[in-house]
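could you work out the structure for the sequence below:
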Amino acid sequence: MQSASETWFDEVYYQRYYFDKKTRVVDPSHLERLGTFVCSYLKYLRVPVRRVLDVGCGVGLWRDVVARHYPEAHYHGVEYSEYLCARYGWERGSVVDYRSTEPFDLVICQGVLPYLSAADLKLALHNLATLSRGALYLEAVTREDYERDIVDDTLTDPRLFRHRAQLYRRGLLEGFTELGGGVWLSRQTTTPLFELEYASGR
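Take a look at the predicted model:
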C-alpha cells in the first residue's frame, strides 16, 4: 500500500483536524503540557537545544512552545502540505527524505508517521536518526493502541496505517535510546544517563 497522498492535506483536512474546535485533534492546553514535559526533561538531562526541527509541523503548534522554553533556539518547520506551506511559509518536505546540511538538537515528529506505508516508515525512522544529534520527540498511534481501545475514532483520521509498536521501536533503536514519554536520545550525543533512565535498555 502507498503512503498518504499529498492531495489529502488540503484546506478541508486542516479545517477538520486543526481549526474546528469540535473536531480538532489537539487542544492548546494539551500541547502546553506536552511541550513543557518534553522541554523540561531535556533541560534536566542538560541536552543543549539551539536548533529545532519540527518535521510535519502542521499549523506550527510547537513553535510558540519551543520559543517559551528555548528563546534563543532557531525553530524550523517542514511540512508536506502545499496548502500549509503557502499559508505559513514552511519549507516543503517529507520526513521520508528531508535533508539538512547540519543536524538538529531537537527533532519533533508528531502524528506524522502513521500516514506512511511500512516501507516509507522504515526510511523515515532512519532519516530521523540522521537529522537529530540530540533528542527526538515522537508521537504515533500504533495497532496496539487501537486494540486497547484508547484511540478516539471520532477524532482520528481513519486512513492511518496501524503499524505495530515494534516496527517503530526496531527502526528507532538503530539511532536512538528510548527514554519514555515519546522522548528518544540520539546515540550521537554524549549525555550521560543512569541505568534506570533507559526505558528499554541499551
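
spatially central residue for this protein, please.
Cys109 (1.2 Å; CA atoms, centre = their mean).

tell me which residues in whichever helix in the chain runs longest are buried?
Ranked by residue count, the top helix of the chain under DSSP state H comes out as helix 28-45. By 16 or more other CB atoms under 10 Å, the buried positions in helix 28-45 come out as Leu34, Gly35, Val38, Cys39, Tyr41, Leu42, Leu45. The C-beta positions use only the backbone N, C-alpha and C, and glycine is treated the same way.

quick one, phi psi at the closest residue to Thr23 other than its chain neighbours?
Closest residue to Thr23 apart from its sequence neighbours, by CB to CB, 6 or more residues apart in numbering: Arg16 at 5.5 Å. Backbone torsions of Arg16, given as degrees, to the nearest 10, read phi -70, psi -50.

my read is that Arg16 contacts Asp10, right?
No: between Arg16 and Asp10 there is no contact under CB atoms under 8 Å: 10.2 Å.

about what we covered before: who are the packing partners of the longest helix of the chain?
Helices and strands touching helix 28-45, as assessed by 3 or more CB pairs under 8 Å, 6 or more residues apart in numbering; DSSP states H and E, comprise helix 61-69, strand 132-139, strand 183-186.

figure out which of those is closest to Val96.
strand 132-139 (14.7 Å; CB to CB).

list the neighbouring strands of that closest one plus their orientation.
strand 104-110 (parallel), strand 183-186 (antiparallel) (DSSP bridges).

thought Thr36 was touching His69?
Yes: taking CB under 8 Å as the definition, Thr36 is a contact partner of His69 at 7.4 Å.

quick one: the nearest residue to Leu113 once chain neighbours are set aside and Leu121, what's the gap?
Spatial nearest neighbour of Leu113, excluding adjacent residues (CB to CB, 6+ apart): Ala140 at 4.4 Å. Separation of Ala140 from Leu121 (CB to CB, to the nearest Å): 9 Å.

quick check: neighbours shared by these two?
Common neighbours of Ala140 and Leu121, counting by CB atoms under 8 Å, 6 or more residues apart in numbering, are Leu113, His163, Tyr168.

which one (most neighbours) among those?
Leu113 (27 neighbours; other CB atoms under 10 Å).

I'd guessed that residue sits against Val141; true?
No: look at Leu113 against Val141 with CB under 8 Å: they stay out of range, at 9.3 Å.

how close does the spatially closest residue to Gln110 that is not a sequence neighbour get to Ser40?
Closest residue in space to Gln110, ignoring its immediate chain neighbours: Glu139 at 4.4 Å, by CB to CB, 6+ apart. Distance of Glu139 to Ser40, given as CB to CB: 17 Å.

what's the lowest-mean-pLDDT helix or strand in the chain packed up against?
Within the chain, confidence by mean pLDDT, DSSP states H and E is lowest for helix 11-14 among all helices and strands, at a mean of 90. Counting by 3+ CB pairs under 8 Å, 6+ apart, the packing neighbours recorded for helix 11-14 are helix 82-88.
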